[in-house]
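In: curious how this folds, go ahead:
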Amino acid sequence: TKGALSCGEIFALTLNLIAIFLYCMNYYIVEPSSTTYVNYLGGHDAMSGLLIGMMPWAASVSSVFYSYWTNRTFRQPLLCSSALMVSGNLIYACAYDQKSLGMALVGRFMTGLGAPKCIVRRYMADTTPLIVRTSVNAAFGMMIAVGSAMGPASAVFLDKLKLTFYFKRLDIVIHVNGMTG
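Out: Next comes the predicted model:
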């Protein structure tokens, strides 16, 4: 039927919505423990605001580049976004073992550079038929809300679950707990 999405389009749209969910969850996961983490890393309480603020500041910078890049393609910007988010999260988590506030700030900044919001918005605007665009935008809003709610909830859960991963070949230790997200 006219306006219906194909299986490939549904799959691509689902991946984009999952990216938004994970970004919003990632953004809010640090809030419950940011002050504790900053103190552990040797910073003052006020630095927790900077730790939280690094991500949206970087996202505002990267959105200009992603907006331009998505004039030509969507796949490469989304892959770049994902790589930046994963790398940023790994650096943020490694800051725990290194006791480095600077490393945590760089990790949050890199995660913010990976913000996929403008990519997904542009994808929805350019690829979804008008007849389903309202539903797709509602799903976008729902993913933002659920991801934003799941972030702090995940931090509370992770605070009870303390894991350590050793990567001997890379000489990296990653701690997963309520502080490192």
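
In: in the protein, which helix or strand is least confident?
Out: The weakest-scoring helix or strand in the chain, judged by mean pLDDT, DSSP states H and E, is strand 172-176 (a mean of 74).

In: for that strand, packing partners?
Out: Applying 3 or more C-beta pairs under 8 Å, 6 or more residues apart in numbering; DSSP states H and E, one finds that strand 172-176 contacts helix 75-98, strand 163-167. All C-beta atoms are positioned from the backbone trio N, CA, C, and that covers glycine.

In: using CSV, lay out the ones you listed together with distance to Ala153.
Out: Below are the helices and strands packed on strand 172-176 laid out as CSV (distance: least, C-beta to C-beta, whole Å):
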stretch, distance to Ala153
helix 75-98, 18
strand 163-167, 18
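
In: figure out which of those is closest to Ala145.
Out: With C-beta to C-beta, the closest approach to Ala145 among the helices and strands packed on strand 172-176 belongs to helix 75-98: 19.5 Å.

In: centre of the chain to the helix or strand that the closest one is followed by, how far?
Out: Per DSSP states H and E, helix 75-98 leads on to helix 101-113 as the next helix or strand towards the C-terminus. Distance of helix 101-113 from its chain centroid, counting by C-alpha atoms, centre = their mean, to the nearest Å, is 12 Å.

In: now do the contacts for the most centrally placed residue in the chain.
Out: Centroid check for the chain by C-alpha atoms, centre = their mean gives Tyr23 as the closest residue, at 2.8 Å. Applying C-beta atoms under 8 Å, 6 or more residues apart in numbering to Tyr23 gives the contacts Met85, Gly114, Ala115, Pro116, Lys117, Gly147.

In: sweet, I'm off.
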